[in-house]
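In: Mind looking at a prediction? Sequence and model below.
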Amino acid sequence: MDYDPLNQLLVCMACGELQYSHSLEGVRAHIDEAHPDTLSLHAGDKRTILETWDEQVSQRERFFTSQLRQHGGAPTDTNGGAVD
């Protein structure tokens, strides 16, 4: 699970579904129901999932940053320059 700060919800890294429960029991219930095979993944498989997820998040952040720049609302650093 990852945290989506925009919606203030957990998001499943396997399927992208937003989780309305922040409890460990809610997370386990989703995994047991939707992705029971992920509980026994090898370390390399887990690492691949995390790397893929991180790349998707980075791509979304770059997209939204470029959209903000195009519309004049780019975030800036403390020196007044645009943040990449």
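Out: Yes, it's here.

In: isn't there a helix covering residue 29?
Out: Yes - secondary structure of residue 29 (DSSP: H, G, I helix; E, B strand; the rest coil): part of a helix.

In: Now do the contacts for it.
Out: Residue 29 sits next to residue 21 when contact means C-beta atoms under 8 Å, 6 or more residues apart in numbering. The way it works is simple: take the backbone N, C-alpha and C, and place the C-beta from them, glycine included.

In: which residues in this protein form strands?
Out: 2-4, 9-11, 18-19 (DSSP state E).

In: Name the residues of stretch 53-64 that are buried.
Out: By 16 or more other C-beta atoms under 10 Å, stretch 53-64 has no buried positions at all.

In: Kindly list the main-chain dihedrals of residue 12?
Out: In terms of degrees, to the nearest 10, the main-chain angles of residue 12 are phi -70, psi 130.

In: ok, it - how many residues close by?
Out: As a burial measure, residue 12 scores 17 neighbours (other C-beta atoms under 10 Å).

In: Tell me the pLDDT of it.
Out: With respect to pLDDT, residue 12 has a value of 92.

In: separation between it and residue 60?
Out: 16 Å (C-beta to C-beta, to the nearest Å).

In: just residue 5 next, same as before
Out: 12 Å.

In: swap in residue 18?
Out: Distance of residue 18 to residue 60, given as C-beta to C-beta: 15 Å.

In: cool, and residue 20?
Out: Taking C-beta to C-beta, one finds residue 20 at 21 Å from residue 60.
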